[in-house]
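Colleague: What follows is a predicted structure for the sequence shown.
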Amino acid sequence: MESWGSVVGVSKAFGSKIYVDREKNSDYHQRLAHVAPEILVADDAAPSTRFHVLPFPWLSERAMEILTQARAARQLEPLIIRPSSQWSRLPQPSMESRGGVGALGARRVDRRWWEREEWI
C-alpha cells in the first residue's frame, strides 16, 4: 500500500477532507487526485481544513506557519500529516490457523479506524 492509503484511512475515519498543496507537493497531490479525489479539499478551503499533508523538506517551518495562522484566526489547530511509504511496512506476527492467536501469542483485533489488523 502506498502512503496515500493511510491518508485515505484518516479521511474516512474522521469524515474530513484533506489539504495537499498543489504547488509545494505536486507529485503527491496528483497521485492522490487520481486515486481518491473525493478526499481532497480545494486550495481556498485550506485554512478551514483540519488535516494538512506536508512534504518533508521544511516540514517544521511550514507546520509552525500553519499553526500560527490557525491560532491567530482562533481556528482549530490543523493536524499535520507527513506521508511516508514506511507506514505500511510495520512487521506483523503471522497468525496460526486456529484460534486467532499469532506466533507471539498476540490476538488479532480488527480496527476499522486504520482499516488494517492490529495486534494486542
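Modeller: Good, I have the coordinates.

Colleague: Domains of this structure: list them as residue ranges, please.
Modeller: Split into domains by automatic domain parsing, the chain comes to 4-87, 94-120.

Colleague: Let me have those domains in a markdown table, adding mean pLDDT and mean neighbour count as columns.
Modeller: Heads up, the C-betas are built off the backbone N, CA and C, glycines and all. Formatted as a markdown table, the domains of the chain follow (pLDDT from 0 to 100; neighbours: other Cβ atoms under 10 Å):
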| stretch | mean pLDDT | mean neighbour count |
| --- | --- | --- |
| domain 4-87 | 85 | 15 |
| domain 94-120 | 45 | 11 |
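
Colleague: Past the longest helix anywhere in the chain, which element shows up next along the chain?
Modeller: Determined from DSSP state H, the single longest helix within the chain is helix 59-72. Counting by DSSP states H and E, the element after helix 59-72 in chain order, helix or strand, is strand 79-81.

Colleague: strands paired with that following strand, and their directions?
Modeller: strand 51-53 (parallel) (DSSP bridges).

Colleague: which residues are in contact with the partner strand?
Modeller: Residues from elsewhere that reach strand 51-53 (Cβ atoms under 8 Å, 6 or more residues apart in numbering): 7, 10-11, 14, 16-21, 25, 28, 32, 46, 66, 78-83.
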